[in-house]
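**Student:** structure, please.
(chains A and B)
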Amino acid sequence: MAEPRRRELLDLLARGERPVGELVGALGLAQPQVSKHLRVLRTVGLVDVREDGRQRIYRLNARPLEPIHRWVGAYERAWNERFEALDEVLEEMKEQGNEDDVT
Amino acid sequence: MRTMSRSRSAVVTLPSEKEILITRDFDAPPEAVYRAYTTPELVQRWWNAKRGEVTVAEIDLHVGGSWRFAMETPDGTEVAFHGVYREIVPNERIVATEVYEGFPDGEALSTITFAPRAGGSTLTILVAHNRREHRDAHIESGMEDGLQDALDLLEEAAAGE
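**Tutor:** Numbers count the residues shown, from 1 in each chain, chains lettered A, B, ... in the order given. All right, here's what the predicted structure looks like:
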């Protein structure tokens, strides 16, 4: 099983849903090979497919998508820590300001 | 000590496939947050997110002036951003370009808004990239668990079948 290719497929789909044709183009593989990988990924519930006219559009499945949320979550955590540090700076600025008023 | 009454937390959303929106309430008024954002000695004290040391905080605060923030993580990695100020409305809004130096092709335009609200202010940062890949690289800047790690987990799940 050519796992690196499936990994690439997931990588592409993590950035948004795509029709098969686009996946074929992006991977530079023959359509049957791409279809085979997609079938594996569908079987294990990692991707979903929907029909749009004559196109089949693939996307990552919502439940295994949780790690993707964690991905943005890590970024959010970093900002939270940053803002907590900023809160402390603001608090000190305020205290400083009050002292300045007194003197 | 400080009163920890606030239940503030930053909210990060992805309003489109090329954008990142960060929102956070503060007890301090817009002028104070603006000052903490635009004064190098103050940026030095919070921009590290307690994850390293701010090694550079350069701010040339006028339209056309440049800025550069850098921090060094405990393992010695430098995480740096720089850009140019495009619009400055003191205490209200800053529009600036922003480049994550780990991914120099991806220049974004960030709009930072300092808005008053009862008892303080709301800070919003909208980062607009030209391409989704650039936005994703930006989100992964200095992150231990990048998108790649998340995808590795997914692939492991598939390989287990």
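
**Student:** can you get me a residue count around B:A28?
**Tutor:** Using other C-beta atoms under 10 Å in any protein chain shown, B:A28 has 21 other residues around it. For every residue, glycine as well, the C-beta is placed using N, CA and C.

**Student:** phi first, then psi, for it.
**Tutor:** phi -80, psi 150 (degrees, to the nearest 10).

**Student:** could you do B:W47 as well?
**Tutor:** According to degrees, to the nearest 10, B:W47 has phi -70, psi -20.

**Student:** my read is that it contacts B:V56, right?
**Tutor:** No. The criterion here is C-beta atoms under 8 Å, and B:W47 misses it with B:V56 at 9.8 Å.

**Student:** strands of the chain, start to end?
**Tutor:** No chain in the question, so chain A it is. Counting by DSSP state E, chain A has strands at residues A:18-19, A:47-52, A:55-60.

**Student:** look at chain B instead
**Tutor:** Along chain B, counting by DSSP E, strands occupy B:11-13, B:19-26, B:53-59, B:66-72, B:78-89, B:93-100, B:107-117, B:120-128.

**Student:** now the residue sitting nearest the centre point of chain B: closest residue in space, sequence neighbours ignored.
**Tutor:** Centroid-nearest residue in chain B: B:I125, 7.4 Å away (criterion: C-alpha atoms, centre = their mean). Of all residues not flanking B:I125 in the chain, B:I22 sits nearest, at 4.3 Å (C-beta to C-beta, 6 or more residues apart in numbering or on different chains).

**Student:** report pLDDT for the one you found.
**Tutor:** B:I22 is assigned a pLDDT of 92 by the prediction.

**Student:** repeat that for B:S7.
**Tutor:** In this model, B:S7 carries a pLDDT of 50.

**Student:** what's the answer for B:G106, then?
**Tutor:** Listed pLDDT for B:G106 reads 84.

**Student:** any low-confidence regions in chain A?
**Tutor:** A:1-3, A:62-71, A:100-103 (pLDDT under 70).

**Student:** show me what from it comes close to chain B.
**Tutor:** A:3, A:6-7, A:10-11, A:14-16, A:40-41, A:43-44, A:46, A:60, A:64, A:67-68, A:70-72, A:74-76, A:78-91, A:93-94 (C-beta under 8 Å from any C-beta of the partner chain).

**Student:** buried subset of the residues you listed?
**Tutor:** A:6-7, A:10-11, A:14, A:40-41, A:44, A:46, A:60, A:64, A:67-68, A:70-72, A:74-76, A:78-87, A:89-91, A:93 (16 or more other C-beta atoms under 10 Å in any protein chain shown).

**Student:** which of those residues fall in helices?
**Tutor:** Counted as lying in helices by DSSP state H, out of these, are A:6-7, A:10-11, A:14, A:40-41, A:67-68, A:70-72, A:74-76, A:78-87, A:89-91, A:93.

**Student:** contacting residues for residue 22?
**Tutor:** Looking at chain A here, since you left the chain open. For A:E22, no residue meets the contact criterion (C-beta atoms under 8 Å, 6 or more residues apart in numbering or on different chains).

**Student:** not quite, I wanted chain B
**Tutor:** A:W79, B:A10, B:V11, B:V12, B:L123, B:T124, B:I125, B:L126, B:V127.
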